[in-house]
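Colleague: A structural model of the following input is requested.
(one chain, ligands or ions: 1)
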Amino acid sequence: MNEKKKILFIVNPISGTQNKKIILNQLSERIDKNKYDIEIKYTERAGHAVEIAAQAASEKVYCVTAIGGDGTINEIARSLIHTDTALGIIPCGSGNGLARHLHIPMDSRKAIDIINQGLISAIDYGKINEIPFFCTCGVGFDAFVSLKFAAAGRRGILTYLEKTLHETLKYKPETYEVESEDEKTNYKAFLIACGNASQYGNNAYIAPQASLEDGLMNVTILEPFTVLDVPSLAFQLFNKTLDQNSRIKTFKSKKIKIHRTNSGVVHFDGDPIIMDKEINVEIIEKGLHVITPNNDYKELNVLQKASEYFGKLVPRGENLLEDIALMNKQLLEKKQEIIRKLTKK
Ligand SMILES: Nc1ncnc2c1ncn2[C@@H]1O[C@H](COP(=O)(O)OP(=O)(O)OP(=O)(O)O)[C@@H](O)[C@H]1O
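Modeller: So this is what the prediction gives:
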């Protein structure tokens, strides 16, 4: 009989708003005990997961699984880069950007099934002034919101939206010099986001074309905009078409330098940190092993989500043309409803 593989689960008790006890009960019921020996550790403070994961990697543990959000994943993954220990993810943060990009289910029972399947892929990661990030990093408004969110004392999507909507129209764009491998350009920008993955979390696609396997970051620069641009920007952010907006500049690069007039806040995977005027961002190819769903599962997941969405929208009528007209009307109403919600002060 094959020797069992060890998985260490690291639980961040403060991430997101989900009850972690329920997840741990599901874990003990569902994890494949013929295949895995499991251990569970709770973090006691910010930064603790870095130490626990580093110890596990030095002991050549098969996998360290985050039960948390992108901040917890960042702390664990930075200790696993360039080791044979794989990262597992049971998403329960506020945004879950990396898990969503990888099509890891938000339902913890299904995420446990993915770990049972145990398919390992290698993905890229990035560094912002030597601090690793796995999803996105950046300067400007998103970094500013991450600072407000960190100080809010509450987590979850509602707190995030509250902070974002509250601050959007007050925020003053800054001037940045951006140096890619090809050119140096000055931008007055609301934000500059560097995407290793495509989204911030909550399906907000700031870099819709980003891939975790191309060795490149997708840079998104949002130039100053007026209140009239907010509905289309908000809609396109969630519709994966932000790169089509006239206020957006995008390009791909392996590394960039950002020079700004003063030191200030940046974010890495949604966590804020103060950095100097000069910021270097680069992507390191295939430096992290992650347990991911297989392609069949990803396709099924996308089809299932689409059919659930349209299933809710379309009544079962007899006349196809009438159904299509009704569906168009309902899609338009849905779009207007999203825009109304996002622009309501
Ligand atoms: N025991 C702890 N007490 C206080 N803070 C902690 C503890 N353990 C981890 N942290 C910090 O909590 C922060 C937030 O965690 P995490 O990012 O996982 O949740 P989230 O912000 O709700 O989700 P997401 O990043 O997906 O939006 C992390 O940056 C981490 O440093």
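
Colleague: The residue positioned nearest the centre of the chain and N19, how far apart?
Modeller: For the chain, the residue nearest the mean C-alpha position is G97 (1.7 Å; CA atoms, centre = their mean). Here G97 is placed at a distance of 22 Å from N19 (CB to CB, to the nearest Å). In short, each C-beta sits where N, CA and C put it, glycine included.

Colleague: Going along the chain, name the helices of the chain.
Modeller: 20-30, 48-58, 70-80, 97-101, 108-117, 141-151, 157-168, 230-238, 295-313, 320-343 (DSSP state H).

Colleague: now what about the shortest one, what contacts it?
Modeller: With contacts defined as CB atoms under 8 Å, 6 or more residues apart in numbering, helix 97-101 is touched by 70, 73, 89, 91, 106, 111, 134-136, 197-203, 210, 212, 269-270.

Colleague: Format the CA atom coordinates belonging to that helix as PDB.
Modeller: The C-alpha trace of helix 97-101 is given here as PDB (Å, rounded to 0.1, in the frame of the first residue of the first chain):
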ATOM      1  CA  GLY A  97      -9.300  36.300  -6.200                       C
ATOM      2  CA  LEU A  98      -6.800  33.500  -6.700                       C
ATOM      3  CA  ALA A  99      -9.300  30.700  -6.000                       C
ATOM      4  CA  ARG A 100     -11.800  32.200  -8.400                       C
ATOM      5  CA  HIS A 101      -9.200  32.600 -11.100                       C
END
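
Colleague: That helix - what's its average pLDDT?
Modeller: Model confidence over helix 97-101 averages 97 on the pLDDT scale.

Colleague: From here on, call the first residue 836.
Modeller: Okay, using 836 as the starting number, the last item reads as helix 932-936.

Colleague: roughly how far is it from the heart of the chain?
Modeller: Relative to its chain's centre, helix 932-936 lies at 5 Å (CA atoms, centre = their mean, to the nearest Å).

Colleague: cool, stretch 907-925 as well?
Modeller: 15 Å.

Colleague: Same check on stretch 1115-1128?
Modeller: 13 Å.

Colleague: Now do the same contact list for the residue nearest to N1129 when sequence neighbours are not counted.
Modeller: With CB to CB, 6 or more residues apart in numbering as the criterion, N1129 has its nearest non-adjacent residue at 5.2 Å, and that residue is L954. When contacts are counted by CB under 8 Å, 6+ apart, L954 touches I1126, T1127, P1128, N1129.

Colleague: Next step: these restricted to strands.
Modeller: I1126 (DSSP state E).

Colleague: Looking at pLDDT only, which of the contacts of L954 scores worst?
Modeller: N1129 (88).

Colleague: what about it, how many neighbours?
Modeller: 13 (other CB atoms under 10 Å).

Colleague: how far away is it from H938?
Modeller: 10 Å.

Colleague: Might you list the low-confidence residue ranges for the stretch 836-985 of the chain?
Modeller: 836, 984-985 (pLDDT under 70).

Colleague: how about the residues of it near the ligand?
Modeller: 847-851, 878-881, 883, 903-907, 910, 928-931 (CB under 6 Å from any ligand atom).

Colleague: switch to 5 Å and redo it
Modeller: Within the stretch 836-985 of the chain, the positions adjacent to the ligand are 847, 849-851, 878, 881, 903-907, 928-931 by CB under 5 Å from any ligand atom.

Colleague: Now flag whichever of those is closest to K1007.
Modeller: Comparing those against K1007 with CB to CB places G930 closest, at 25.0 Å.

Colleague: which residue sits closest to that closest one in space, ignoring its chain neighbours?
Modeller: In space, G930 is closest to G1036, 2.0 Å off (CB to CB, 6+ apart).
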